[in-house]
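1. Model the structure of this input:
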Amino acid sequence: MSATITKAIFPVGGLGTRFLPATKSMPKEMLPIVDKPLIQYAVEEAAEAGITEFIFVTGRGKAAIEDHFDHSTEIEDILKQRGKENGLNAVRAMMKTPGSVAYIRQQEPAGLGHAIWCARHYINNEPVAVLLADDLIKPATGGNGCLKQMVEAWQDRGGNMVAAMEVPKQQTSSYGIITPGASFGTSDGTLTEVKGLVEKPEPADAPSRLAIVGRYILEPGVFDELEKMERGAGGEIQITDSLARRIGHVPFFSHQFTGTRFDCGSKLGFLQANISYALSRPDLAADLETWLKGVDL
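-> Below you'll find the predicted structure:
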């Protein structure tokens, strides 16, 4: 494949009701893992994979995300005056080239497929990555991020690709589940041919335990399917339905990545991510380990 992927969509219009009241006035994507918001981890993962154009599909009350990826001259001036170079470098490092970041409103909560469709005019008939910020995927030590792994695998195959992981049988009703074909190993994880997709099946009806998590590479034909506005599970426009209708037209693989996925849309996953990332920090690990060992439960 000679094509490259330079654009990524970040659907960030959700309400984050599971984290109320914290998310009443703050986007759930701005919840911090140690000292960095979830959305910044996703953007950094995309940049590592070669993404140069970042498209955020937002909703009401999401202005904090726009502000986060913009200059704050007051903060930068104060940090500079006080000689706080580390802080100044941290706030400047997240800045992207002017014109490389775009924001568009979803306007109605009609599902993930609808959110992706809202960005259609920015895609220009190109392959595009999609990252869900509350699916935080921590790379293995010394390893590549999930999206970079996927992009490298996609280069040889094209078509559509999703990140996947095995989940307990009783959890299949919370995911899009893959009907798997042949599998083979790569330098980073395992590729499995996708023969079919079922959105949130009951455990007894699930074709496997291989579940889609929040990373996608989409070829342009998916947008033609989304354009039909067909409603699926939950009365929403599901991206899995449009992907399923492309099976047989283009290659379709799932990528079982190396790394650890944290479901930061849940309180438990969010807490686990904070602890895991803190334990990876030289400035925090020793004191945190000491505290954890002494916690009286």
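2. and the longest helix for this structure?
-> Using DSSP state H, we find that the single longest helix of the chain is helix 267-279.
3. avg pLDDT for that helix?
-> For helix 267-279, the mean pLDDT works out to 97.
4. before we move on, what about stretch 55-73?
-> The average of the pLDDT scores along stretch 55-73 is 84.
5. what does stretch 217-229 give?
-> The model assigns stretch 217-229 a mean pLDDT of 92.
6. ok, and for it, which residues are buried?
-> For stretch 217-229, burial by neighbour count (16 or more other CB atoms under 10 Å) applies to Ile217, Leu218, Glu219, Gly221, Val222, Phe223, Glu225, Leu226. Backbone N, C-alpha and C define where each C-beta goes, glycine included.
7. now stretch 228-244
-> Buried residues in stretch 228-244, counted by 16+ other CB under 10 Å: Gly232, Glu236, Ile237, Gln238, Ile239, Thr240, Asp241, Ser242, Leu243, Ala244.
8. Check stretch 194-214 too.
-> Using 16+ other CB under 10 Å as the test for burial, stretch 194-214 gives 194-195, 197-201, 206, 208-214.
9. among those, which two are most distant?
-> Largest separation among the buried residues of stretch 194-214 by CB to CB: Lys195 and Gly214, giving 21.6 Å.
10. still on that earlier bit, inside helices: which ones of the buried residues of stretch 194-214?
-> Among the buried residues of stretch 194-214, no member falls in helices (criterion: DSSP H).
11. Where does confidence bottom out across the residues you listed?
-> Lowest pLDDT among the buried residues of stretch 194-214: Glu199, with 85.
12. residues contacting that one?
-> With contacts defined as CB atoms under 8 Å, 6 or more residues apart in numbering, the neighbours of Glu199 are Gly176, Ile177, Gly232, Ala233, Gln238, Thr240, Asp241.
13. at 10 Å what do you get?
-> Taking CB atoms under 10 Å, 6 or more residues apart in numbering as the contact definition, Glu199 lies against 173, 175-177, 212, 232-234, 236, 238-241, 244.
14. ok, residues contacting the helix or strand harbouring Phe223?
-> Assessed by DSSP states H and E, Phe223 sits inside helix 221-226. With CB under 10 Å, 6+ apart as the test, helix 221-226 has contacts from 111, 113-120, 123, 125, 127-128, 130, 159-160, 216, 218, 237-239, 241-246, 249-250.
15. What is the next helix or strand after that helix packed up against?
-> Once helix 221-226 ends, the next helix or strand along the chain (criterion: DSSP H and E) is helix 239-245. Using 3 or more CB pairs under 10 Å, 6 or more residues apart in numbering; DSSP states H and E, the elements in contact with helix 239-245 are helix 112-118, strand 160-166, strand 176-185, strand 190-199, strand 210-218, helix 221-226.
16. Neighbouring strands - and their directions - for the second one?
-> Right, the one you point to is strand 160-166. strand 210-218 (antiparallel), strand 252-256 (parallel) (DSSP bridges).
17. Next, the buried residues of it.
-> The neighbour-count check on strand 160-166 (16+ other CB under 10 Å) flags Asn160, Met161, Val162, Ala163, Ala164, Met165 as buried.
18. okay but the last one is in contact with Ile177, surely?
-> Okay, so that is Met165. No - if you go by CB atoms under 10 Å, Met165 and Ile177 don't touch, sitting 11.4 Å apart.
19. Between the two, which contacts overlap?
-> Taking CB under 10 Å, 6+ apart as the criterion, Met165 and Ile177 both touch Arg209, Leu210, Ala211, Ile212.
20. Nearest to Ser183 among these?
-> Nearest to Ser183 among the shared contacts of Met165 and Ile177 is Leu210, at 9.4 Å by CB to CB.
21. Leaving out the residues flanking it, which one is nearest to that closest one?
-> Leaving aside its chain neighbours, Leu210 sits nearest to Ile178 (4.4 Å; criterion: CB to CB, 6 or more residues apart in numbering).
22. distance of that neighbour from Ala206?
-> Taken as CB to CB, to the nearest Å, the spacing of Ile178 relative to Ala206 amounts to 10 Å.
23. anything in contact with each of the two?
-> Common contacts of Ile178 and Ala206 (CB under 10 Å, 6+ apart): Val198.
24. Can you check what pLDDT the model gives Leu88?
-> At Leu88, pLDDT is 75.
25. Next, count neighbours for it.
-> When neighbours are counted by other CB atoms under 10 Å, Leu88 registers 17.
26. thinking again about what came up before, of the buried residues of stretch 228-244, just say which sits nearest to Asp135.
-> Distances from Asp135 to those, taken by CB to CB, are shortest for Ile239, at 13.4 Å.
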